[in-house]
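Undergrad: Structure here, sequence nowhere to be found:
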């Protein structure tokens, strides 16, 4: 079994889900007392958010690079950046490593292709929705992406930081997310990507009438597959 390095704490809430999914996934395959071999570097989310709010992606990239290099030196054989937004600098960080970063958007694109969908709605932080790093990976896989309108993007971005990242779940917030999702479906979305690792705390499969893609679970499943490959 390969050892996985997790760049977590972005937020710690979703890192808990990563740890659970990895261990459950390994155990489902191997049984007994077999669980994931992993190394976790947990950031202080406030440091990362300050950089991002200041558009200082170079500093965020440097922090991630240092953490990933440390995990690589400690024996990690692949890296998980445990947040969709952090993949904005994934290619930069990858260039400093000799082990792979398992890319969350590539894993998500594969899951969408498995469902045969060609057009999806993307929910996430403002960076994930508005920058191209996630959408380009989907486009490479033949998938068209649509995002919410400006006011809805601002609402999603704010609630991820102020509520979901703190483990706060509000019914009114869930209703707004559902309304946003339904508007994307009306525009032709055949599925909805929960493109922030905290959004699955709020929305689940079955809440929406089209397929829902939980990027946290999909990412962890891809890591389990990698860890168990010969």
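TA: Done, it's in. From a predicted model like this one, the values you see are computed outputs, not experimental measurements. Numbering: from 1, shown residues only.

Undergrad: show me the contacts for residue 48.
TA: 9-10, 60, 63, 86 (C-beta atoms under 8 Å, 6 or more residues apart in numbering). From N, CA and C alone the C-beta is placed, and that goes for glycine too.

Undergrad: which SSE is it in?
TA: helix 45-53 (DSSP states H and E).

Undergrad: for that helix, which positions count as buried?
TA: Under the neighbour-count criterion of 16 or more other C-beta atoms under 10 Å, helix 45-53 has 45, 48-49, 51-52 buried.

Undergrad: What mean pLDDT does the helix or strand following it get?
TA: Later in the chain than helix 45-53, the nearest helix or strand by DSSP H and E is helix 57-73. If you average the pLDDT over helix 57-73, you get 97.

Undergrad: Tell me which other helices or strands helix 57-73 touches.
TA: Here helix 57-73 touches strand 4-8, strand 38-42, helix 45-53, strand 78-81, helix 90-94, going by 3 or more C-beta pairs under 8 Å, 6 or more residues apart in numbering; DSSP states H and E.

Undergrad: tell me what the helix or strand residue 226 falls within is packed against?
TA: Assignment of secondary structure by DSSP H and E places residue 226 within helix 215-228. Judged by 3+ C-beta pairs under 8 Å, 6+ apart, helix 215-228 is in contact with strand 4-8, helix 12-30, strand 78-81, helix 104-114, strand 192-194.

Undergrad: centre of the chain versus the third one, how much separation?
TA: What separates the centre of strand 78-81 from the centre of its chain is 11 Å, taken as C-alpha atoms, centre = their mean, to the nearest Å.

Undergrad: neighbouring contacts of it?
TA: 2, 4-7, 10, 18, 64, 68, 71-72, 87, 90, 93, 97, 99-102, 104, 219-220, 223, 226-227.

Undergrad: Quick one: mean pLDDT over stretch 114-133.
TA: 97.

Undergrad: circling back to that earlier point, restrict the contacts of strand 78-81 to the buried ones and give me that as a PyMOL selection.
TA: Buried subset of the contacts of strand 78-81, written as a PyMOL selection, criterion 16+ other C-beta under 10 Å:
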select buried, resi 2+4+5+6+7+10+18+64+68+71+72+87+90+93+97+99+101+102+104+219+220+223+226+227
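
Undergrad: Name the residues of stretch 4-23 that are buried.
TA: Neighbour-count burial for stretch 4-23 flags 4-15, 17-19, 21-23 (criterion: 16+ other C-beta under 10 Å).

Undergrad: Repeat that for stretch 171-191.
TA: Neighbour-count burial for stretch 171-191 flags 173-174, 176-177, 180-182, 184-185, 189-191 (criterion: 16+ other C-beta under 10 Å).

Undergrad: Confirm that residue 120 lies within a strand, as I assumed.
TA: Yes: under DSSP: H, G, I helix; E, B strand; the rest coil, residue 120 falls within a strand.

Undergrad: you'd agree it is up against residue 141?
TA: No: applying C-beta atoms under 8 Å as the test, residue 120 and residue 141 come out as separate, 10.8 Å apart.

Undergrad: which of the two has more neighbours?
TA: The neighbour count for residue 120 versus residue 141, taken as other C-beta atoms under 10 Å, is higher for residue 120 (26 against 15).

Undergrad: Quick check: chain neighbours aside, which residue is closest to that one?
TA: residue 191 (4.6 Å; C-beta to C-beta, 6 or more residues apart in numbering).

Undergrad: May I ask you to confirm that the one you found is in contact with residue 114?
TA: No: Residue 191 lies out of contact with residue 114 (C-beta under 8 Å); the separation is 11.1 Å.
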